[in-house]
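>>> Generate a structure from the sequence data that follows.
(one chain, ligands or ions: 12)
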Amino acid sequence: MKRGIVSSSFACSLLLGARAQFPPKREGITVIQSKFHENVSISFKEPGICETTPGVKSYSGYVHLPPNLLEHEDQGYPINTFFWFFEARKDPANAPLAIWLNGGPGGSSMMGLLEENGPCFVGPDSNSTYLNPWSWNNEVNMLYIDQPVQTGFSYDVLTNVTIQLDESGESVVTPTEFTDGQIPTTNNTYRIGTLGSQNMSHTTNTTERAAHALWHFMQTWLFEFPHYKPSDDRISLWAESYGGQYGPAVFSFFQEQNERIANGSSEHSGARPLHLDTLGIVNGAIDWSILVESCFDFPYNNTYGLQLYNETFHASLVHNWTRPSGWRDRMAECTLALSQTPHGRAPNDTTAALCAAIEQDLETACFDTFPSETNRAPYDIAHPFHDPFPPPHLYGYLTQAPILAALGVPVNYTPTSLTVNDAFEQTFDPLRGGVLSALGALLDNSSVKLHLMYGDRDFMANWLGGERASLAIPWHRQQEFADTAGYAPLVVGGGSGGGGGRETEKGVTRQLGPGFSFTRVFQAGHEVPAYQPEAAYEVFRRAMGGLDVATGKVAFGERFRTEGPRDAWGWRNEVPEGVVEGRCYVLKPESCEEEVWRAVVDGTAVVRDWFVVGRGEGGGIGGDEL
Ligand SMILES: *[C@@H]1O[C@H](CO)[C@@H](O)[C@H](O)[C@H]1NC(C)=O
Ligand SMILES: *[C@@H]1O[C@H](CO)[C@@H](O)[C@H](O)[C@H]1NC(C)=O
Ligand SMILES: *[C@@H]1O[C@H](CO)[C@@H](O)[C@H](O)[C@H]1NC(C)=O
Ligand SMILES: *[C@@H]1O[C@H](CO)[C@@H](O)[C@H](O)[C@H]1NC(C)=O
Ligand SMILES: *[C@@H]1O[C@H](CO)[C@@H](O)[C@H](O)[C@H]1NC(C)=O
Ligand SMILES: *[C@@H]1O[C@H](CO)[C@@H](O)[C@H](O)[C@H]1NC(C)=O
Ligand SMILES: *[C@@H]1O[C@H](CO)[C@@H](O)[C@H](O)[C@H]1NC(C)=O
Ligand SMILES: *[C@@H]1O[C@H](CO)[C@@H](O)[C@H](O)[C@H]1NC(C)=O
Ligand SMILES: *[C@@H]1O[C@H](CO)[C@@H](O)[C@H](O)[C@H]1NC(C)=O
Ligand SMILES: *[C@@H]1O[C@H](CO)[C@@H](O)[C@H](O)[C@H]1NC(C)=O
Ligand SMILES: *[C@@H]1O[C@H](CO)[C@@H](O)[C@H](O)[C@H]1NC(C)=O
Ligand SMILES: *[C@@H]1O[C@H](CO)[C@@H](O)[C@H](O)[C@H]1NC(C)=O
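Numbers count the residues shown, from 1 in each chain. Ligands and ions are numbered 1, 2, ... in the order given. Have a look, this model is predicted:
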């Protein structure tokens, strides 16, 4: 997922002129030094924005980890990890905790917060917010974290930069020193601001290292942040997209630390066990082999009747994937070589060359081919490539000085860090594999519950791959899950859950015991809660509450299983009627048609609230509508 990078605070040059681009001075911050680690601290404030439900508190801030805190890692840089914590709207003192992570790698969790499942969404003016009735903090304390370091509001070392926005969304960020009087003029495609260092050696460049950093974050935050004093100590993690990698690795690492604390082999004298409860994965990229295969199959055959690849083309992809010494074999060879590379070391030149070649071939065959063949949105096959949904209003909202001041952040906002993305690409992180067996071990050896939910209009991490992964996890009830649990309708509304209204079927769920389920959500793209807020909320609420995910009605034991067909293909969908009109939002260049973006670049586009609304002479008002 590569997204444009944005970091200014001007909405329209006509109105605001030379308003400051750099984040405002941090004020009203409380700083607490850790009792356990020298040089570890937490800094935070109450932002008072977004969650405006009376009496419901939120806190934003950082856990600051100094260089060389992560054992056995070459971590010569500080890790300042941003969080935004929301107390539950109902009875926070007795509510469990859930962490939310977006993917990337390098994708900010503010996306989940402000356009998927957080307490508020941003209006079309990119300034006002309104409450989300299906916010996941209705009954659960929610902790949104920007990680790995240099993602979103998280940073290593504060660094001034220029940012050149690019049509692809892959902006060029260049560290730059601004001496007085030499601050360049900014415009819609060229900005300045303060971010992290952009140094690829200054981020945790694998999922495993990221999990390690997150464990230190949690040790500090859970036990030293003064506004989290739970009577319910359960911790859950819900992660989306690349979170299919993060989630399992994070819970496995946490579980291993728990075991070490229990058997006395922990390296940390002050460390405490974490009560791991539920792992939720939303349109997650779990196993790369399954993901790639599904990315060939889904455009050819899906429940929307959209045959986007013809039979010959599909057959050619499948052939290239499955033939001896084809893509699948080469990928397995890379995975094996990576597994033989000693931990913490960069792969040698032979392995790097082997892996780089197959990584590139799969990138082309899977992710580049889809948009070029179909001109559709990879995150929603029912929408055009330049997809206006989910509306990107949060990008503009988070450029504003008053908002940055409220959050107390010393950096500008970037939705995606290409530095982090590139660092993970260099380690071939997703090709390392092992995620399915990590999930199996969690199901077998811990009390962790696992719930998977996939929107069925997403191509990127589509539900075919999600379902295949759900069946491929090696655990002691694997066969039982496949053979004896069937798909049952996911029923929401009509008093079955948090909301009223008519009862409707919003998807199908296969579940075994309280501990494991897979749900396909109808009419949802990649960011499921943005498309189907009530259904996504119900899956979350029921999974967290130990209820039957399909109905929300049954509290059950290990013997419980859903009943219905083994095959979910009987449920077909219609492509929604009506033409989806693209809208160019300049902070998200991928939303712009080429012609419109050209007008943004040459300065003739008329921009209002970050949307291109017309074209005029030199950016004047009242030009032609585009
Ligand atoms: C804490 O920081 C100080 C000053 O930078 C340094 O001398 C000291 O070694 C650090 N302590 C640890 C445990 O890293
Ligand atoms: C943005 O919202 C704030 C707070 O609601 C308001 O004070 C301000 O006038 C708004 N700015 C614009 C440009 O509408
Ligand atoms: C960024 O540049 C501004 C303007 O010169 C300066 O005030 C600020 O201290 C700089 N910040 C950093 C992190 O260098
Ligand atoms: C990036 O970080 C590494 C390791 O700290 C350092 O050696 C290198 O000089 C840095 N690169 C730049 C461009 O600052
Ligand atoms: C303690 O637990 C860890 C993690 O499960 C394991 O790797 C290690 O071998 C155990 N050590 C002992 C002494 O049992
Ligand atoms: C699509 O997949 C379904 C389920 O596996 C199968 O029944 C159907 O025959 C497939 N259609 C095509 C055109 O391959
Ligand atoms: C199938 O799709 C490929 C790739 O788009 C195209 O080159 C080819 O002409 C198509 N074949 C048929 C029979 O339509
Ligand atoms: C499959 O591989 C052949 C040989 O490398 C290549 O010509 C063909 O374009 C590939 N097919 C697809 C759909 O990428
Ligand atoms: C590179 O690493 C792989 C995997 O660890 C190993 O099998 C191979 O022998 C190494 N090659 C060289 C030239 O060191
Ligand atoms: C990833 O980071 C580690 C620790 O900082 C470093 O030793 C390693 O060389 C990096 N890997 C690559 C491929 O850059
Ligand atoms: C954990 O589960 C795996 C199978 O998923 C099993 O092979 C392994 O022995 C288990 N480990 C422990 C410590 O129970
Ligand atoms: C935007 O600013 C950049 C850098 O100063 C400049 O190259 C570009 O021409 C400007 N674009 C417009 C439309 O003024």
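
>>> Please look at Gly270 and Phe36 and confirm they touch.
Yes. Counting by CB atoms under 8 Å, Phe36 is a contact partner of Gly270 at 4.0 Å. The C-beta positions use only the backbone N, C-alpha and C, and glycine is treated the same way.

>>> what residues are shared contacts of these two?
Residues within reach of Gly270 and of Phe36 at once, by CB atoms under 8 Å, 6 or more residues apart in numbering, are Gln219.

>>> Tell me which stretches of the stretch 1-150 of the chain form strands.
Counting by DSSP state E, counting those that start in this stretch, the stretch 1-150 of the chain forms strands over residues 30-33, 41-45, 58-65, 79-86, 97-101, 120-122, 129-131, 141-146, given from the N-terminal end onward.

>>> Give the other helices and strands that the fifth one contacts.
In terms of contacts (3 or more CB pairs under 8 Å, 6 or more residues apart in numbering; DSSP states H and E), strand 97-101 is packed against strand 141-146, strand 234-240, helix 243-263.

>>> I'd like to know how far the residue in the stretch 401-550 of the chain positioned nearest to ligand 12 sits from ligand 4.
For the stretch 401-550 of the chain, the nearest residue to ligand 12 under the criterion CB to the nearest ligand atom is Asn412, separated by 16.9 Å. Asn412 sits 20 Å away from ligand 4, taking CB to the nearest ligand atom, to the nearest Å as the criterion.

>>> how about that residue, secondary structure?
For Asn412, the secondary structure call by DSSP: H, G, I helix; E, B strand; the rest coil comes out as coil.

>>> ok, it to Thr151 distance?
With distances taken as CB to CB, to the nearest Å, Asn412 is found 13 Å from Thr151.

>>> what does Phe313 give?
With distances taken as CB to CB, Phe313 is found 36 Å from Thr151.

>>> which intervals of the stretch 51-200 of the chain have sub-threshold pLDDT?
Where the stretch 51-200 of the chain drops to pLDDT under 70, the residues are 181.

>>> change it to 80
For the stretch 51-200 of the chain, applying pLDDT under 80 flags the ranges 169, 179-182.

>>> Next: the stretch 451-600 of the chain.
Where the stretch 451-600 of the chain drops to pLDDT under 80, the residues are 494-501, 555-556.

>>> so where do the helices sit in it?
Using DSSP state H, counting those that start in this stretch, the helices of the stretch 451-600 of the chain run over residues 463-472, 478-484, 528-531, 533-545, 594-601.

>>> sorry, back to before: comparing Phe313 and Thr151, which residue is more hemmed in?
Applying other CB atoms under 10 Å to Phe313 and Thr151 shows that Thr151 carries more neighbours, namely 31 against 15.

>>> Chain neighbours aside, what residue packs nearest to the residue nearest the centre of the chain?
Centroid check for the chain by CA atoms, centre = their mean gives Asn102 as the closest residue, at 1.5 Å. Once flanking residues are discounted, Asn102 sits nearest to Ser109: 4.6 Å by CB to CB, 6 or more residues apart in numbering.

>>> ok, which residues in the stretch 351-500 of the chain are in contact with ligand 9?
The interface of the stretch 351-500 of the chain toward ligand 9, taken as CB under 6 Å from any ligand atom, is made up of Thr351.

>>> Within range of ligand 7, give me the residues from the stretch 351-500 of the chain.
Within the stretch 351-500 of the chain, the positions adjacent to ligand 7 are Glu373 by CB under 6 Å from any ligand atom.

>>> where's whichever residue of the stretch 351-500 of the chain sits closest to ligand 7, which helix or strand?
Nearest to ligand 7 in the stretch 351-500 of the chain, going by CB to the nearest ligand atom, is Glu373, at a distance of 5.4 Å. When elements are defined using DSSP states H and E, Glu373 is found to belong to helix 369-374.

>>> May I see the buried residues of that helix?
The neighbour-count check on helix 369-374 (16 or more other CB atoms under 10 Å) flags 369-370, 374 as buried.

>>> after that helix, next one along is what?
Beyond helix 369-374 toward the C-terminal end (DSSP H and E), the next one is strand 376-377.

>>> May I have the strands that pair with that following strand, each with its orientation?
Neighbouring strands of strand 376-377 in its sheet, by DSSP bridges, are strand 380-384 (antiparallel).

>>> pLDDT on the strand it pairs with, on average?
This predicted structure assigns strand 380-384 an average pLDDT of 97.

>>> and for the next helix or strand after that strand, what are the contacting residues?
Toward the C-terminal end, the helix or strand that comes next after strand 380-384 (DSSP H and E) is helix 393-397. Applying CB under 8 Å, 6+ apart, the contact partners of helix 393-397 are 4, 6, 11, 110-111, 114-115, 121-127, 129, 403, 413, 415, 585, 587-588, 609-610.

>>> Alpha carbons of the helix or strand that helix 393-397 is followed by, as CSV, please.
In the C-terminal direction, the helix or strand that comes right after helix 393-397 (DSSP H and E) is helix 401-407. Coordinates of the C-alpha atoms in helix 401-407 are reproduced here as CSV (Å, rounded to 0.1, in the frame of the first residue of the first chain):
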residue,chain,number,x,y,z
ALA,A,401,-1.8,23.6,13.0
PRO,A,402,-4.7,23.6,15.6
ILE,A,403,-5.1,19.9,15.2
LEU,A,404,-1.4,19.2,15.4
ALA,A,405,-1.3,21.5,18.5
ALA,A,406,-4.2,19.6,20.1
LEU,A,407,-2.5,16.3,19.5
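
>>> What angle do helix 243-263 and the next helix or strand after helix 401-407 make with each other?
For helix 401-407, the succeeding helix or strand toward the C-terminus, using DSSP H and E, is helix 418-427. Computed by axes from the mean of the first three to the mean of the last three CA atoms, to 10 degrees, the angle separating helix 418-427 from helix 243-263 equals 80 degrees.
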